[in-house]
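A predicted structure for the sequence below; I have some questions about it.
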Amino acid sequence: QVQLVESGGGLVQAGGSLRLACAASGRIFVNYGAGWFRQIPGKEREFVATLSRFGDYTHYADSVKGRFTISKDNAKNMLYLQMNSLKPEDTAVYYCAATSLVASFKEQEYEVWGQGTQVTVSS
């Protein structure tokens, strides 16, 4: 079973940037679609971004469009989420995930999940 481990979270001021990384224990991102989700305590996990297995298609939640960028490095088995112009409402635990579909914005279609990394944006 391939494992995913997120890193790069932390505390940042509003308007700042963070780059989240997701390390895979195998070459899962070559054959699987990838995504980032986030969850605020007491709320359901929500979609942030997805990247197709071929790397040629991306889709973002409206709330992050134009500010966040999803990318991957197949040679390093890494997935990234570049987050710019951060807002306090971006505060959440961020999860990376992999789906056997080409890409998806639906949480239930992802089979492999990381443990999450906390992002806190102060005002």
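Done, it's in. Numbers count the residues shown, from 1 in each chain.

quick one: buried residues of the lowest-mean-pLDDT helix or strand in the chain?
Taking mean pLDDT, DSSP states H and E as the measure, the chain has helix 28-31 as its least confident helix or strand, at a mean of 92. Residues I28, F29 are the ones in helix 28-31 that count as buried (16 or more other CB atoms under 10 Å). Placement of C-beta: from N, CA and C, glycine included.

check contacts around the residue nearest to Q13 when sequence neighbours are not counted.
The shortest distance from Q13 to any non-neighbouring residue, by CB to CB, 6 or more residues apart in numbering, is to S122 (5.5 Å). For S122, the contacting residues are L11, V12, Q13, A14, P88, by CB atoms under 8 Å, 6 or more residues apart in numbering.

what residues are up against the first one?
Each residue near L11 by CB under 8 Å, 6+ apart is listed here: T120, V121, S122.

and the pLDDT for it?
If you check L11, the pLDDT there is 98.

please narrow the contacts of L11 to those residing in strands.
Judged by DSSP state E, these include T120, V121, S122 as members of strands.

got the contacts of L11 as JSON lines, with distance to I70 columns?
Formatted as JSON lines, those follow (distance: CB to CB, whole Å):
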{"residue": "T120", "distance to I70": "21"}
{"residue": "V121", "distance to I70": "19"}
{"residue": "S122", "distance to I70": "24"}
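
pick the one among these closest to M83.
Of all the contacts of L11, M83 sits closest to V121, with 9.1 Å by CB to CB.

Y60 is in contact with F68, isn't it?
Yes. Using CB atoms under 8 Å, Y60 is in contact with F68, at 6.3 Å.

compare those two (neighbour count), which wins?
Using other CB atoms under 10 Å, the more surrounded residue of Y60 and F68 is F68, with 22 against 18.

the more buried one: what's its closest spatial neighbour, skipping adjacent residues?
Nearest non-adjacent residue to F68 (CB to CB, 6+ apart): M83, at 5.1 Å.
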